[in-house]
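Undergrad: Got a predicted structure here, sequence first:
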Amino acid sequence: MSWLKITFAVEKGQLDFVTERLELAGAQAVTIEDDGDHPLFDLLNGESPVWDNSLATGLFNAEQGLDTIIAELSGSFAPDKLPDYRVESLPDQDWERCWMDRFQPIQYGPDLWICPTWSDVPDPDATNVMLDPGLAFGSGTHETTTLCMQWLAKQQLEDKAIIDFGCGSGILAIAALKLGAASALGIDIDPQALQASGSNAEINNVSDKLELVLPGQLPANSSGDIVFANILAGTLIELKSHLLELRAPQGVLVLSGILRTQEALVVDVFAPGNILQVEKDGDWLMMTVKEKSAPIKGTM
């Protein structure tokens, strides 16, 4: 069987409407992709990840004929006019296998890997985090997560408590636990992200060490030896006091999701009383924030 792929460029406010119309017209599958290169970090409570500009694609059986498919789509959009669309003809193939082949194991340092569950583990003796790409942000491919994972792979984590603020898929908390951390607390405003993190923790056999909460459910006096916050720079600045309060004495706050052009702004906010170190990858950077040691009496 061959297929026809009908794709619409959609603004955020129209996404649900367009995907529903594709389903009404008989699409065998509907997919949503970013129309550009704009990673998502900020999500409203309970909202699924949606880009400002997306590509909504419906997969149709080509035996129906393009004219019939377009007529069905026109009817599903009525009384609105059918928006501009792009048509692509596709040969028959194993679509699930094609999608799976796009995601391969990723190595961070000598002994840490992120592996899709369907993939063979490249190094059985390494620390292997099994994680499939999904709706919740954080599959390990974006520079913001890569920077955190590369840093994490170098740390001594025995007996450490981890907090992952904006945990997404749970990738950072789960990796830390598999590297030897004693416990982890994942926080996210999106219940769907917490669900994804919980499922990924079960796959990796660390559910007993990972607690997942919405911000309003945060246990009193929570603190972490390592606190990750991989979110937007503006949100990091807004949450400065809260994030520093979550950092245990002599702990480290790891900030990511910062564009190079935002470096000076974030440094100005977090520098007082802290020692900052910056690592960069492409247009993005990660910043560690450690408290300055108090001067010893009798020394200059």
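TA: Received the coordinates, thanks.
Undergrad: contacts, neighbours, all on C-alpha from now
TA: Noted.
Undergrad: so where's this structure shaky on pLDDT?
TA: Applying pLDDT under 70 to the chain flags the ranges 1, 35-51, 92-102, 133-141, 294-300.
Undergrad: Could you point out the longest strand of it?
TA: Assignment by DSSP state E gives strand 247-259 as the longest strand of the chain.
Undergrad: Could you point out the helix or strand that follows that strand?
TA: As assigned by DSSP states H and E, the chain's next helix or strand after strand 247-259 is helix 263-270.
Undergrad: Now do that following helix and strand 247-259, the angle between them.
TA: Using axes from the mean of the first three to the mean of the last three Cα atoms, to 10 degrees, the inter-axis angle of helix 263-270 relative to strand 247-259 is 160 degrees.
Undergrad: any idea how far helix 263-270 is from the chain center?
TA: Chain-centre distance of helix 263-270: 23 Å, with Cα atoms, centre = their mean, to the nearest Å.
Undergrad: Check which residues of it are buried.
TA: Using 16 or more other Cα atoms under 10 Å as the test for burial, helix 263-270 gives 263, 266-267, 270.
Undergrad: if we can go back for a sec, which other residues reach the longest strand of the chain?
TA: Here strand 247-259 makes contact (Cα atoms under 8 Å, 6 or more residues apart in numbering) with 41, 144-145, 147-148, 223-233, 236, 243-244, 283-291.
Undergrad: Kindly report the same for stretch 16-32.
TA: Looking at stretch 16-32 with Cα under 8 Å, 6+ apart, the contacting residues turn out to be 10, 54-61, 69, 72-73, 75-77.
Undergrad: Closest to residue 187 out of those residues?
TA: residue 54 (26.9 Å; Cα to Cα).
Undergrad: Filter the contacts of stretch 16-32 down to just the ones in helices.
TA: Among these, DSSP state H puts 69, 72-73, 75-77 in helices.
Undergrad: ok, back up a step: list buried residues within the contacts of strand 247-259.
TA: Taking 16+ other Cα under 10 Å as the criterion, what is buried in those is 41, 144-145, 147-148, 223-233, 236, 243-244, 284-291.
Undergrad: who does the longest strand of the chain pair up with?
TA: Strand 247-259 has the following sheet partners, assigned by DSSP bridges: strand 224-230 (parallel), strand 284-291 (antiparallel).
Undergrad: In CSV, list those strands along with distance to residue 33.
TA: Output for the strands paired with strand 247-259, formatted as CSV (distance: least, Cα to Cα, whole Å):
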stretch, distance to residue 33
strand 224-230, 21
strand 284-291, 21
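Undergrad: the domain parsing of this structure - what is it?
TA: Per the record, the chain has its domains at 3-93, 140-291, by automatic domain parsing.
Undergrad: Now find how far off-centre the last one is within its chain.
TA: Per Cα atoms, centre = their mean, the displacement of domain 140-291 from the mean C-alpha position of its chain is 12 Å.
Undergrad: switch to numbering from 3
TA: All set: I'll call the first residue 3, so the last point we hit is now domain 142-293.
Undergrad: Could you tell me the phi and psi values at residue 29?
TA: Backbone torsions of residue 29, given as degrees, to the nearest 10, read phi -60, psi 140.
Undergrad: For this protein, which segments count as strands?
TA: 5-13, 31-36, 55-63, 88-92, 108-110, 114-117, 129-132, 163-167, 185-189, 212-215, 226-232, 249-261, 276-283, 286-293.
Undergrad: okay if I get those strands as JSON lines plus distance to residue 176?
TA: Compiled in JSON lines, these are given as follows (distance: least, Cα to Cα, whole Å):
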{"stretch": "strand 5-13", "distance to residue 176": "34"}
{"stretch": "strand 31-36", "distance to residue 176": "26"}
{"stretch": "strand 55-63", "distance to residue 176": "30"}
{"stretch": "strand 88-92", "distance to residue 176": "38"}
{"stretch": "strand 108-110", "distance to residue 176": "14"}
{"stretch": "strand 114-117", "distance to residue 176": "11"}
{"stretch": "strand 129-132", "distance to residue 176": "7"}
{"stretch": "strand 163-167", "distance to residue 176": "10"}
{"stretch": "strand 185-189", "distance to residue 176": "8"}
{"stretch": "strand 212-215", "distance to residue 176": "8"}
{"stretch": "strand 226-232", "distance to residue 176": "12"}
{"stretch": "strand 249-261", "distance to residue 176": "16"}
{"stretch": "strand 276-283", "distance to residue 176": "22"}
{"stretch": "strand 286-293", "distance to residue 176": "19"}
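Undergrad: Skipping its backbone neighbours, what lies nearest residue 130 in space?
TA: residue 115 (4.9 Å; Cα to Cα, 6 or more residues apart in numbering).
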